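A.B. asks: this is a predicted model, with the sequence first.
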Amino acid sequence: MQHLRCVMGVVATSASSILESVARVDQVLGAMVVLDPVGLERQCEDFDQDLPLAGMRIAVKDIIEVEGLPNRCGSALYGDPPAPSRSDAVVVSRIRESGGLIIGKTAAHELACGVYTPGTRNPWDLSRSPGGSSGGSGAAVAAGLCDAALGSDTGGSIRIPASLCGIAGLKPTYGLVPKTGVEPLSWSLDHVGPLGKTVRDCARLLEAIAGFHSSDPTSVMSPSVGYLEKLDAGVAGLRIAVPSGFFMDPIDPQTQTLFLAAVEVMRELGAEMITVDVSYLSGSLEAEFAIVSPEAATYHHSHLRKNPELIDPQIRGMLIAGAALPSSYYLRALRWRQDMADRMRATFIDNRLDAFITPTVPAFAQLHDQEEFVYPGGKEPVISSFVRTTAPFNLTGQPALSVPCGLTADGLPVGLQIAGRPFAEDMVLRIGAAYERATDWVAQLPPLHATTE
Amino acid sequence: MSDTWDADSVGGLLRSLGLDGVDTVSDELIADFQQRALASETLESVLAPGVSPCNIFDASWE
């Protein structure tokens, strides 16, 4: 609460003082694509300290509509500059209604389709990427430009930057958070969720944005859950699975060591740790790409025909493949996805699991121009490495949280992924909060941070 | 056996879809098509015949 009071003090002073600090740090970081002084001033005038997000500074990924601001999606396809959005996305409206202060929009990898977010630096090491596609949101939260941010996650795009930037990030259950006003990448895999310095920040933001909305056909009626209520309940007695193989094959040795140390922390906190075989996930990467490609190609069909030169060549190739390849490839992937979800469900039921933990990604932040990781078991493209361990939970739709679980010898963050049953965000957040309390990783700040600049 | 893609088949497919001119039929594009065909075949090889796509949350996880 100390932090919140401090922020509210700033708000009472002036909205511009918030943005001056953001702009100063962001000259180096490159996390923000546009700030919103007019909107922020208006929000500060209407400030109500009794609202649940009162005074919380929130940045929004630049694929989510904010009234009066352009929605670039990291792409030249939408105009230069794009016309300002006429209305807020549902999630942005809900944040404003809850008292959150929208400070501006964060950089996204082009069309939310990539893990680099070019132009944005990682505050832990400016020569490295913050990840993607919500890289601006991850970097902004890590560097203290905001208290929390919105991101989207189709194959790991919230959890990857959370892991690489040393913060918390949650991909909620598919359908829990409405996507109206959010530019799609892949309808059946897209999720919107929070990134925050702490698990509690994520829980607060989720509480504001979650819940059915009739404007989104994928929105699901789900029981109302208080995500903050059980945050302090601990993990004693919970049954948590640790996968054998797959997530660790291959993996960076330092990342593996930090992950195994996190498993021991959970055990010491009283959780029952169970090893499970999830070799059935081994087609996840193929299924993910086989679904994203045609769904994205369908959405961007007119862009592909009219302005292909404005699309990055690699993304353009993916869209062409998605538009042209036989529908049987897509249907095979959907069938495989169903089979895999059935097996994951059986793993949870048969083992009476409360959650499943893995390394969020098998490595740490890549250099801006790095294309591959070299592991003891061989090389793997950066995008394959990252998406391999995060996409399984896009395919199943389960909630999955990333929390920091240590730093490498070079001071780069590593993330722990906690996945739960559908709509059990309260359990996932509870486990993340217990781990966060038991370690001091959340207290670590990157070399580039608003409080020290 | 997976589909085999080459310059003629990829070029012909793009022409038939009106997507010729969007990109050149490069070695990279052909390799990408081929890789996706192999990936699809891999998925098919481990699928039971009766599996069909449906709502993944239709079944209870309790």
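C.D. replies: Here it is on my side, so go on.

A.B. asks: hmm, the longest helix along chain B touching chain A?
C.D. replies: Longest helix of chain B, by residue count under DSSP state H: helix B:27-45. Yes - using C-beta under 8 Å from any C-beta of the partner chain, helix B:27-45 reaches chain A at B:28-29, B:32-33, B:36-37, B:39-40, B:42-44. For the C-beta atoms, the positions are set from N, CA and C on the backbone; glycine is no exception.

A.B. asks: quick one, strands of the stretch 51-200 of chain A?
C.D. replies: Assignment of strands within the stretch 51-200 of chain A using DSSP state E, counting those that start in this stretch yields the ranges A:57-61, A:101-106, A:148-152, A:168-171, A:192-196.

A.B. asks: for the shortest one, buried residues please.
C.D. replies: Along strand A:168-171, these residues count as buried under the neighbour rule (16 or more other C-beta atoms under 10 Å in any protein chain shown): A:168-171.

A.B. asks: how close does residue A:226 get to chain B?
C.D. replies: Computed as C-beta to the nearest C-beta, to the nearest Å, the residue A:226 to chain B distance reads 20 Å.

A.B. asks: got the confidence number for residue 3?
C.D. replies: Reading this off chain A. On the pLDDT scale, residue A:3 is placed at 36.

A.B. asks: please go with chain B instead
C.D. replies: 80.

A.B. asks: circling back to that earlier point, a markdown table for the strands of the stretch 51-200 of chain A, including mean pLDDT?
C.D. replies: Below are the strands of the stretch 51-200 of chain A laid out as a markdown table (pLDDT from 0 to 100):
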| stretch | mean pLDDT |
| --- | --- |
| strand A:57-61 | 97 |
| strand A:101-106 | 97 |
| strand A:148-152 | 98 |
| strand A:168-171 | 98 |
| strand A:192-196 | 98 |
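
A.B. asks: let me know which of these is tucked in deepest.
C.D. replies: strand A:168-171 (a mean of 32; mean count of other C-beta atoms under 10 Å in any protein chain shown).

A.B. asks: dihedrals phi and psi, residue A:131?
C.D. replies: phi 90, psi -170 (degrees, to the nearest 10).

A.B. asks: repeat for residue A:241
C.D. replies: Dihedral angles (degrees, to the nearest 10) for residue A:241: phi -90, psi 140.

A.B. asks: again with the one 5 residues further on
C.D. replies: According to degrees, to the nearest 10, the main-chain angles of residue A:246 amount to phi 50, psi -70.

A.B. asks: sorry, back to before: got the buried residues for the longest helix of chain B?
C.D. replies: Buried-residue list, helix B:27-45, by 16+ other C-beta under 10 Å: B:29-30, B:32-34, B:36-37, B:39-40, B:42-44.

A.B. asks: can you tell me which two in these are farthest apart?
C.D. replies: Of all pairs drawn from those, the greatest distance, 22.9 Å, lies between B:29 and B:44 (C-beta to C-beta).

A.B. asks: return the per-residue confidence for the closest residue to residue A:276 other than its chain neighbours.
C.D. replies: Leaving aside its sequence neighbours, residue A:276 sits nearest to residue A:241 (C-beta to C-beta, 6 or more residues apart in numbering or on different chains; 4.5 Å). pLDDT, residue A:241: 98.

A.B. asks: bridging residues for residue A:241?
C.D. replies: Note on residue A:241: beta-bridge partners by DSSP bridges are residue A:274, residue A:356.

A.B. asks: how many other residues sit next to the spatially closest residue to residue A:157 that is not a sequence neighbour?
C.D. replies: What sits nearest to residue A:157 in space, not counting adjacent residues and going by C-beta to C-beta, 6+ apart, is residue A:133, at 4.1 Å. Around residue A:133 there are 33 other residues, counting by other C-beta atoms under 10 Å in any protein chain shown.

A.B. asks: how about residue A:133, what does it touch?
C.D. replies: A:74, A:108-109, A:112-115, A:117, A:152, A:154, A:157 (C-beta atoms under 8 Å, 6 or more residues apart in numbering or on different chains).

A.B. asks: ok, those residues vs residue A:258, which is closest?
C.D. replies: Once C-beta to C-beta is applied, the member of the contacts of residue A:133 that ends up nearest residue A:258 is residue A:115, at 20.1 Å.

A.B. asks: pretty sure that closest one sits against residue A:138.
C.D. replies: No - if you go by C-beta atoms under 8 Å, residue A:115 and residue A:138 don't touch, sitting 11.0 Å apart.

A.B. asks: more crowded one of these two?
C.D. replies: Neighbour totals were compared for residue A:115 and residue A:138, and residue A:138 leads with 39 against 27 (other C-beta under 10 Å).

A.B. asks: how about the contacts made by residue A:219?
C.D. replies: Contacts of residue A:219 (C-beta under 8 Å, 6+ apart): A:175, A:178-179, A:212-213.

A.B. asks: closest approach to chain B from the stretch 301-450 of chain A, which residue is it?
C.D. replies: Proximity of the stretch 301-450 of chain A to chain B (C-beta to the nearest C-beta) peaks at residue A:334, 3.7 Å away.

A.B. asks: list the buried residues of whichever strand or helix holds that residue.
C.D. replies: If you go by DSSP states H and E, residue A:334 is part of helix A:327-350. Within helix A:327-350, the residues scored as buried using 16+ other C-beta under 10 Å are A:329-341, A:344-345, A:347-348.

A.B. asks: report the angle between it and helix B:27-45.
C.D. replies: Orientation of helix A:327-350 against helix B:27-45 (axes from the mean of the first three to the mean of the last three C-alpha atoms, to 10 degrees) gives an angle of 50 degrees.

A.B. asks: what does stretch B:28-40 contact?
C.D. replies: A:286, A:289-290, A:293, A:317-318, A:320-321, A:324-325, A:328-329, A:332-333, B:2-7, B:10, B:23.
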